[in-house]
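S.K.: Sequence first, predicted coordinates after that:
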Amino acid sequence: MEVYVGGLIIPGVQVSVVKEVLPRQLAPSGVLGIVGFTERSLPGKRTARASSWNLFRETFGPATARSMPEARQALDNGVYQLVIAPLSSDAGSIAKTTVSVASGNEIEVLARVPGTWANGIVVNVTTRLDRKQQKVCDITLNSGNGDLLERHRGMNSPQSLAKALEASTVVRMSEADGAGFPKDGNYLLKGGQDATPEAYRNALEHLNSEPDVDMVLASVQDFSVDKHGDVLEVYNAVVEHCQRMSSETCGRLGLGQVPPTGIEPTTFVSHLRSERFIVVAPHGVVGAVAGRIGDLGYYESPTFKSLVGAGSVATLSVEEQRALLQAGIAPVVLDRERGVIILRGITTDGDQINVRRIADRAVRTLKMIGDRFIGRLNTADGRDALKQKLIEALLQMVRDGALVPSTDGTDPPFKVDVYSSQQDFALGVVRVDMAVRPVRAIDYIYATVLVQV
């Protein structure tokens, strides 16, 4: 007796559809996570994203541009996306001052965002007669070095003053208690304090759940001489965060900057040696460097790449440039032909930034593809399929120019092996051995000129 257990009886065609394992696309590189003070809180959220300047201002408030200047620099230089992890609003203190009024009361004027950024801002009150011969006052806000920040004209009462300052991106006013007219004078904002290193460390934890972030920056405000220890503590927290996330296949590079005064850059960077940290000099351009790195392909070196929105950068002598590079600092310099450029893109341990980013990309690729094969590797065909997918992804990195063979051509751009011993198989383990050879930037040219006579 014949028993039919499957297959065709009548001549014809039977089709079986087998679903291929297709790994998802890796997120684009150049996602910058920033920790700092914001004007607006994020109810129910620990982080929020912005890929344009208008969206950034709308989400976090226009005053955030002053407390977190690195964000504008990064966006201007082409960073793919910002992921902002706000500090708690009570982590620092708000700069403030009191404006006297004719009734003898006082009006409190406060910076819109906590931190030291507003310390030294002068609120100038000037009274005059308008066209109707009515007494009005003008408010001018000047920075500590005398630069004009804002001007508000024609207020005739504390209430109208409060209404006018609603549109300010620098200050706001407390309730105008009591009638009275603001008295002429200069009123200095003071008392603003930066967050503690512990507050920065806590906010960094919010970036743990953002796996596509590949650069991290702490927007530290207080670089005064007596706070250098706190700055180093914050930067070391960034290093620890990047190392921990990299061990979880979410490779990240941290960025920081040298203090403007009070310590030699070479001394400062000696406390921050890491393959996962970049220290930029001079002070005030780290956001632009982060944005430029984020704009480049992960395999491209930032060396000799130009920056925009970095402000005025002093011309460094050859000796100063050499000292910074030997210390592991990425200098930003003014070049007569190229403008403001990153002189050489290196981490504080002297490694090239693009080499580290390529290695991180390879790790993310392995993780992304491997996740799709979990539960499918109990056969030789499944393991071979994983190997082929890895080879396919790495070949794309070769085509991109990220991986290259050895200069003599004897060693390939990458090697991959997927295997499982009998003991591994019993434990449910498959092993992947992968070697990659990242492309290195050619930073030096040594030329020999033969003069024939």
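M.R.: Good, I have the coordinates. As the structure is a prediction and not an experimental result, all values here were calculated from the model.
S.K.: and the nearest residue to E166 once chain neighbours are set aside, what does it touch?
M.R.: Excluding its sequence neighbours, the residue lying closest to E166 (C-beta to C-beta, 6 or more residues apart in numbering) is R172, at 7.3 Å. For the C-beta atoms, the positions are set from N, CA and C on the backbone; glycine is no exception. With contacts defined as C-beta atoms under 8 Å, 6 or more residues apart in numbering, R172 is in contact with V109, L110, R112, L165, E166.
S.K.: ok, now M245?
M.R.: Taking C-beta under 8 Å, 6+ apart, one finds L207, N208, G251, R252 in contact with M245.
S.K.: one step back: can you confirm the residue nearest to E166 is in a helix?
M.R.: No. Counting by DSSP: H, G, I helix; E, B strand; the rest coil, R172 is not found in a helix; it is strand.
S.K.: Now do it against A63, distance only.
M.R.: Using C-beta to C-beta, to the nearest Å, we find R172 at a distance of 9 Å from A63.
S.K.: shared neighbours of the two, anything?
M.R.: Shared contacts of R172 and A63 (C-beta under 8 Å, 6+ apart): R112.
S.K.: of the contacts of M245, closest to S224?
M.R.: L207 (26.6 Å; C-beta to C-beta).
S.K.: how much space between that closest one and V363?
M.R.: Counting by C-beta to C-beta, the gap from L207 to V363 is 18 Å.
S.K.: Same question for V279.
M.R.: 24 Å.
S.K.: Who has more neighbours out of the two?
M.R.: V279 (27 against 18; other C-beta atoms under 10 Å).
S.K.: buried ones in the helix or strand encompassing L395?
M.R.: Assigned by DSSP states H and E, L395 belongs to helix 380-400. Buried residues in helix 380-400, counted by 16 or more other C-beta atoms under 10 Å: G382, R383, A385, L386, K387, K389, L390, A393, L394, M397, V398.
S.K.: of those, closest to V318?
M.R.: Set against V318, the nearest of the buried residues of helix 380-400 by C-beta to C-beta is M397 (36.5 Å).
S.K.: Dig out what L188 forms beta bridges with.
M.R.: Here L188 sits in beta bridges with V122, going by DSSP bridges.
S.K.: In PyMOL, how would I select the buried members of the contacts of R172?
M.R.: Of these, the buried ones go into a single PyMOL selection, burial set by 16+ other C-beta under 10 Å:
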select buried, resi 109+110+112+165
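S.K.: In TSV: the contacts of R172, plus distance to R273, secondary structure and pLDDT.
M.R.: Shown next, in TSV, are the contacts of R172 (distance: C-beta to C-beta, whole Å; DSSP: H, G, I helix; E, B strand; the rest coil; pLDDT from 0 to 100):
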residue	distance to R273	secondary structure	pLDDT
V109	44	strand	90
L110	41	strand	93
R112	38	coil	94
L165	47	helix	81
E166	48	coil	83
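S.K.: about what we covered before: looking at the residue nearest to E166 now. What's its pLDDT?
M.R.: pLDDT recorded at R172 is 89.
S.K.: Could you measure from it over to A310?
M.R.: Applying C-beta to C-beta, the value for R172 to A310 is 30 Å.
S.K.: could you dump the buried residues of helix 380-400 to a markdown table with distance to W53 and pLDDT?
M.R.: Output for the buried residues of helix 380-400, formatted as a markdown table (distance: C-beta to C-beta, whole Å; pLDDT from 0 to 100):
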| residue | distance to W53 | pLDDT |
| --- | --- | --- |
| G382 | 48 | 91 |
| R383 | 48 | 94 |
| A385 | 45 | 93 |
| L386 | 43 | 94 |
| K387 | 45 | 95 |
| K389 | 39 | 94 |
| L390 | 39 | 95 |
| A393 | 34 | 94 |
| L394 | 37 | 96 |
| M397 | 32 | 96 |
| V398 | 36 | 97 |
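S.K.: now the helix or strand G229 falls within: mean pLDDT?
M.R.: Secondary structure from DSSP H and E places G229 in helix 228-247. Mean per-residue pLDDT for helix 228-247: 96.
S.K.: how distant is that helix from the center of its chain?
M.R.: Relative to its chain's centre, helix 228-247 lies at 14 Å (C-alpha atoms, centre = their mean, to the nearest Å).
S.K.: show me where pLDDT drops low in the stretch 151-300 of the chain?
M.R.: The stretch 151-300 of the chain contains residues with pLDDT under 70 at 158, 175-180.
S.K.: Quick one: the strands in it, in order.
M.R.: 171-173, 185-188, 215-218, 253-257, 277-281 (DSSP state E, counting those that start in this stretch).
S.K.: what sits opposite V332 in the beta ladder?
M.R.: V332 has these beta-bridge partners by DSSP bridges: I342.
S.K.: Would you mind measuring from it to G254?
M.R.: Noted for V332: a distance of 17 Å to G254, by C-beta to C-beta.
S.K.: ok, now D222?
M.R.: Using C-beta to C-beta, D222 is found at 19 Å from G254.
S.K.: and what of R172?
M.R.: 33 Å.
S.K.: now do S52
M.R.: Distance from S52 to G254, by C-beta to C-beta: 24 Å.
S.K.: Which of these two has more residues huddled nearby?
M.R.: Taking other C-beta under 10 Å, S52 and G254 do not tie; G254 has more neighbours (28 against 11).
S.K.: Look up the closest residue to that one, ignoring the ones flanking it.
M.R.: Closest to G254 by C-beta to C-beta, 6+ apart is V238, at 3.9 Å.
S.K.: per-residue confidence for V3?
M.R.: So, for V3, pLDDT stands at 47.
S.K.: Enumerate every residue touching the residue nearest to P260 when sequence neighbours are not counted.
M.R.: Using C-beta to C-beta, 6+ apart and skipping the chain neighbours, the partner closest in space to P260 is H283 (4.0 Å). Neighbouring residues of H283 by C-beta under 8 Å, 6+ apart: F223, Q257, V258, P259, P260.
S.K.: Surely the second one touches V286?
M.R.: Yes. Here Q257 lies in contact with V286, judged by C-beta atoms under 8 Å, at a distance of 4.0 Å.
S.K.: For my notes, please list the buried residues of helix 380-400 in JSON lines and give distance to L189 for each entry.
M.R.: Converted to JSON lines, the buried residues of helix 380-400 look like this (distance: C-beta to C-beta, whole Å):
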{"residue": "G382", "distance to L189": "65"}
{"residue": "R383", "distance to L189": "65"}
{"residue": "A385", "distance to L189": "64"}
{"residue": "L386", "distance to L189": "60"}
{"residue": "K387", "distance to L189": "63"}
{"residue": "K389", "distance to L189": "58"}
{"residue": "L390", "distance to L189": "57"}
{"residue": "A393", "distance to L189": "54"}
{"residue": "L394", "distance to L189": "55"}
{"residue": "M397", "distance to L189": "52"}
{"residue": "V398", "distance to L189": "56"}
